[in-house]
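A.B. asks: predicted model and sequence follow; I will ask about them next.
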Amino acid sequence: MAALAERGKLARIDWDGQPITRHAPVLTMGRAKVTPPPGSFLQATAEGEAALVAAVRAIIGGAEQVADLFAGCGTFSLSLAETAQVEAFEGLGDPLKALDSAWRNTAGLKRIATHVRDLAKRPLQPDELEKFHAIVIDPPRAGAEAQAREIAASKVPVIAWVSCDPVTFARDARILADAGYMLSRLSVVDQFRWSPHVETVAEFRRS
């Protein structure tokens, strides 16, 4: 074991030269405490995250069975589980392990089931979506065209669609609109400081 002194602070590294974490980082999501794995996607600001979660909760209302697509380590799932049973889908296993651990260590939350699944290559099919009262989806900047087409063929009554790219959002929203979903609410969250980028949260309902 070796030690390095830098600017008066002692940092420890292992024999392979990798830094050793002294204290695991902990973030609050809803009532839960989450230790995100390295490289996790997180919202840019606490205020922005709170606004997004509030907008999503307002959209899904009293839904009892919720699918959280592109769930990450639980930004939405852990808050929604205060009132709903949630199934969280994410392409990477480590964020879901963090989500599951946070859920198991937080009293009073309803069940969260986690599923590792690449939704770009294997989107949830309409028959898999039928049991849900609401869908929350927060895809990457590339959007979720394949998953949008499967949602469009389903009968899920309400969707909360979170997007950080207006171009791919418009494309995916058109797929839903053409299938009979109505865009009934749109919120804009400007959380990317000193940047032209914004987050949007859209409510779609079956017309």
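C.D. replies: Ah, there it is.
A.B. asks: could I get the CA-only coordinates of stretch 148-164 as CSV?
C.D. replies: Extracted C-alpha coordinates of stretch 148-164, given in CSV (Å, rounded to 0.1, in the frame of the first residue of the first chain):
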residue,chain,number,x,y,z
ALA,A,148,-41.7,4.5,-28.4
ARG,A,149,-43.1,2.3,-31.2
GLU,A,150,-43.9,-0.5,-28.7
ILE,A,151,-45.5,1.9,-26.3
ALA,A,152,-47.6,3.3,-29.1
ALA,A,153,-48.9,-0.2,-29.8
SER,A,154,-49.9,-0.7,-26.1
LYS,A,155,-52.9,0.5,-24.1
VAL,A,156,-51.0,2.1,-21.2
PRO,A,157,-53.1,5.1,-20.3
VAL,A,158,-50.5,7.6,-19.2
ILE,A,159,-46.8,8.2,-20.0
ALA,A,160,-44.4,10.6,-18.4
TRP,A,161,-41.7,11.2,-21.0
VAL,A,162,-38.5,12.9,-19.8
SER,A,163,-36.1,14.2,-22.4
CYS,A,164,-32.9,16.2,-22.6
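A.B. asks: strands of the protein, start to end?
C.D. replies: Along the chain, counting by DSSP state E, strands occupy 2-6, 9-13, 27-29, 32-34, 65-69, 85-90, 112-116, 134-137, 158-163, 181-189, 199-206.
A.B. asks: could the ones you listed go into TSV alongside distance to Thr75?
C.D. replies: For the C-beta atoms, the positions are set from N, CA and C on the backbone; glycine is no exception. Shown next, in TSV, are these (distance: least, CB to CB, whole Å):
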stretch	distance to Thr75
strand 2-6	33
strand 9-13	30
strand 27-29	6
strand 32-34	9
strand 65-69	9
strand 85-90	10
strand 112-116	13
strand 134-137	10
strand 158-163	9
strand 181-189	13
strand 199-206	12
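A.B. asks: need those in CSV (columns: mean pLDDT, distance to Ala148 and mean neighbour count).
C.D. replies: Formatted as CSV, the strands of the chain follow (pLDDT from 0 to 100; distance: least, CB to CB, whole Å; neighbours: other CB atoms under 10 Å):
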stretch, mean pLDDT, distance to Ala148, mean neighbour count
strand 2-6, 36, 48, 9
strand 9-13, 46, 45, 11
strand 27-29, 69, 26, 19
strand 32-34, 74, 28, 21
strand 65-69, 98, 10, 24
strand 85-90, 98, 14, 24
strand 112-116, 97, 19, 18
strand 134-137, 98, 8, 26
strand 158-163, 97, 9, 25
strand 181-189, 91, 10, 16
strand 199-206, 94, 10, 20
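A.B. asks: what about the helices in this protein?
C.D. replies: 46-60, 77-80, 93-104, 126-129, 145-152, 166-178 (DSSP state H).
A.B. asks: got the contact list for Cys164?
C.D. replies: Pro140, Arg141, His197, Val198, Glu199, Thr200 (CB atoms under 8 Å, 6 or more residues apart in numbering).
A.B. asks: for the second one, what are its contacts?
C.D. replies: In this case it means Arg141. Cys164, Asp165, Thr168.
A.B. asks: against Ala88, how distant is it?
C.D. replies: Distance of Arg141 to Ala88, computed by CB to CB, to the nearest Å: 20 Å.
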